[in-house]
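A.B. asks: Kindly generate the corresponding structure for this input.
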Amino acid sequence: MMSTVRTEDVEAVRILMLDRPPANAMEETLLTDLQHALADAKSDPRVRAIVLTGSGSFFSAGFDFRAPRRDETRAAAFYQLYRDAHVALLSFPKPTVAWVQGHAIAGGLVLALACDYRLGVLGSYQVGLNEVAVGAAYPRAALEIVRLRLPHARAAELMLGAALYPCSHAVRLGVVDELLPPDTARQTILRRAGRLGAYPAEAYAHTKQALIAPALLAILAETEEEARATRAVWQSPEGRAARHRQRERLVSR
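C.D. replies: Okay, the predicted model is just below:
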């Protein structure tokens, strides 16, 4: 079975490309493949930095609303898998750069925010955190990643406003550090990732761990009761109806 995360090594930089058409949406297979790809890159001494990106017109659309409905046991397992994959990316000891060149929506944008740096490409795609609009609660891991990366005002605008923005707003919102021209983006991103990877590895990892420690502790401190309460929000009639409408829109495309 082919992996939903393709890899390419360019000197000391490993590109991890989400490749689950049409929208690189997250479900069990993609999150498991991402965990494996991160573990391989972490243990490979030749890899000094990683670049995370998506294939096609999406970075990632977030959770896959087309996936079959999960019972409570499967929902709990998926919630844990989501947490573990995001902890692995957030705490990855080597430099991580998100290459956002397509739609980064909801959990897809959270995945980009879990990287140390985020570089966008000028284009016609959208970014945003629209979970509230579709009746979805934020997993603790997602919430703490957003809190870590964004000031409160921008986090509130994105999370409570639940709008999707053209990528031209991405720098103002703080979700990418810079927007690059398409013709030079790959070269620029690989060069910058390589520069970060050339720093002494122990110093980078130690400093990164200190910076993310409060968020990581908050994620790992989540109790099963708290996780169950978050999952319960997804089961509300209003939330189910909102996602049903979203699924209908996706099917009609």
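
A.B. asks: Point out where the stretch 101-250 of the chain drops to low pLDDT.
C.D. replies: Where the stretch 101-250 of the chain drops to pLDDT under 70, the residues are 239-240, 242-250.

A.B. asks: Number of residues surrounding residue 154?
C.D. replies: Residue 154: 15 surrounding residues under other Cβ atoms under 10 Å. All C-beta atoms are positioned from the backbone trio N, CA, C, and that covers glycine.

A.B. asks: Actually, residue 72.
C.D. replies: Counted with other Cβ under 10 Å, residue 72 comes out at 11.

A.B. asks: what are the phi and psi values for it?
C.D. replies: phi -60, psi -40 (degrees, to the nearest 10).

A.B. asks: which ones are touching the nearest residue to it once chain neighbours are set aside?
C.D. replies: Distances taken as Cβ to Cβ, 6 or more residues apart in numbering put residue 231 closest to residue 72, at 7.8 Å, once the chain neighbours are dropped. Residues near residue 231 by Cβ atoms under 8 Å, 6 or more residues apart in numbering: 72, 75, 76, 79, 137.

A.B. asks: need those residues in JSON lines with distance to residue 52 and secondary structure, can you?
C.D. replies: Below are the contacts of residue 231 laid out as JSON lines (distance: Cβ to Cβ, whole Å; DSSP: H, G, I helix; E, B strand; the rest coil):
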{"residue": "72", "distance to residue 52": "31", "secondary structure": "helix"}
{"residue": "75", "distance to residue 52": "26", "secondary structure": "helix"}
{"residue": "76", "distance to residue 52": "26", "secondary structure": "helix"}
{"residue": "79", "distance to residue 52": "22", "secondary structure": "helix"}
{"residue": "137", "distance to residue 52": "25", "secondary structure": "coil"}
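
A.B. asks: and those, which are buried?
C.D. replies: 75, 79, 137 (16 or more other Cβ atoms under 10 Å).

A.B. asks: from those, which single one is nearest residue 157?
C.D. replies: Of all the buried ones among the contacts of residue 231, residue 137 has the smallest distance to residue 157: 18.5 Å, by Cβ to Cβ.

A.B. asks: how deep is the closest residue to that closest one other than its chain neighbours tucked in, by neighbour count?
C.D. replies: The spatial neighbour of residue 137 that comes closest, neighbours along the chain excluded (Cβ to Cβ, 6+ apart), is residue 233 at 3.6 Å. The tally of other residues near residue 233 (other Cβ under 10 Å) stands at 14.

A.B. asks: for residue 61, same thing?
C.D. replies: Here the count is done by other Cβ under 10 Å, and residue 61 has 23 residues near it.

A.B. asks: Residue 136 versus the closest residue to it other than its chain neighbours, what's the distance?
C.D. replies: Closest residue to residue 61 apart from its sequence neighbours, by Cβ to Cβ, 6+ apart: residue 23 at 3.7 Å. According to Cβ to Cβ, to the nearest Å, residue 23 and residue 136 sit 16 Å apart.

A.B. asks: same check, this time on residue 79
C.D. replies: Separation of residue 79 from residue 136 (Cβ to Cβ) stands at 12 Å.

A.B. asks: so residue 81 is in which element?
C.D. replies: Here residue 81 sits within helix 72-90, counting by DSSP states H and E.

A.B. asks: Need the residues that contact the helix or strand just after that helix.
C.D. replies: Toward the C-terminus, helix 72-90 is succeeded by strand 96-100 as the next helix or strand (DSSP H and E). Residues from elsewhere that reach strand 96-100 (Cβ under 8 Å, 6+ apart): 15, 49-53, 59, 89, 111-121, 127, 167, 170, 175-176, 185-186, 189, 192-193, 196.

A.B. asks: Filter those residues down to just the buried residues.
C.D. replies: Neighbour-count burial (16+ other Cβ under 10 Å) is assigned, among the contacts of strand 96-100, to 15, 49-53, 59, 89, 111-121, 127, 167, 170, 175-176, 185-186, 189, 192-193, 196.

A.B. asks: correct me, but residue 105 touches residue 63?
C.D. replies: No: the criterion here is Cβ atoms under 8 Å, and residue 105 misses it with residue 63 at 9.9 Å.
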